[in-house]
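Q: any chance you could fold what I've pasted below:
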Amino acid sequence: MPRRTRSLVRHGQDKVDPKFGRNNVNALINKVMLSGKKHVAMHLVYGAMEKAAVRLKKDQIEVFDQVMENILPVIEVRAKRIGGANYQVPTEIPAHRRNALALRWLVDSARARKGQPMEEKLAIELVDAYNNTGTVVKKKEETHRMADANKAMAHFSKF
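A: Sure thing, here's the model as predicted:
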């Protein structure tokens, strides 16, 4: 047990993107970024948001907010060892982990698509998530389904 006090964990509250001033958009840019090329990642994300907004005939930030609302998971299962057995215990997800999971799923599903530039793949994923379809929403629903299937183990979360 460390004797020092625990360090304060900041989850990117002070980092915002230059165009919209949102920390979620900045986090998405950082997830898309490869090899430290932030300018390239910014160009990809802003271009994808613009294409998605044009296809949906909505404002860019309105589309992004709705996408985040549609893909944020609320509950997940965690493995807990009790009496020699492992149980899948449903637990509520903290806000910073919700955002991290949602953005990770969004970027991973965009990268998994083949045959198009990244900007186009990300735009397609944004449109799909806005319409509550696509792989990101399926991943969220699968996570919630797992938690619902194991809700009998919820009493173990008190430990």
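Q: residues contacting the most centrally placed residue in the chain?
A: With distances taken as Cα atoms, centre = their mean, the residue of the chain nearest its centroid is Ala102 (1.2 Å). Neighbour list for Ala102: 68, 71-73, 136, 140 [criterion: Cβ atoms under 8 Å, 6 or more residues apart in numbering]. Where C-beta positions appear, they are placed from N, C-alpha and C, glycine not excepted.
Q: what's the neighbour count on Asp59?
A: Asp59 has 11 neighbours, counted by other Cβ atoms under 10 Å.
Q: could you measure from it over to Tyr130?
A: From Asp59 over to Tyr130 the distance is 12 Å, taken as Cβ to Cβ, to the nearest Å.
Q: could you list the low-pLDDT ranges of this structure?
A: Applying pLDDT under 70 to the chain picks out residues 1-2, 11-13, 153-159.
Q: tell me the strands in it, going along the chain?
A: Taking DSSP state E, the strands of the chain run over residues 75-82, 85-92.
Q: format these as a markdown table; extra columns: distance to Pro117 and mean neighbour count.
A: What follows is the strands of the chain, written out as a markdown table (distance: least, Cβ to Cβ, whole Å; neighbours: other Cβ atoms under 10 Å):
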| stretch | distance to Pro117 | mean neighbour count |
| --- | --- | --- |
| strand 75-82 | 32 | 14 |
| strand 85-92 | 37 | 14 |
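Q: a markdown table for those strands, including distance to Glu120?
A: Formatted as a markdown table, the strands of the chain follow (distance: least, Cβ to Cβ, whole Å):
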| stretch | distance to Glu120 |
| --- | --- |
| strand 75-82 | 30 |
| strand 85-92 | 35 |
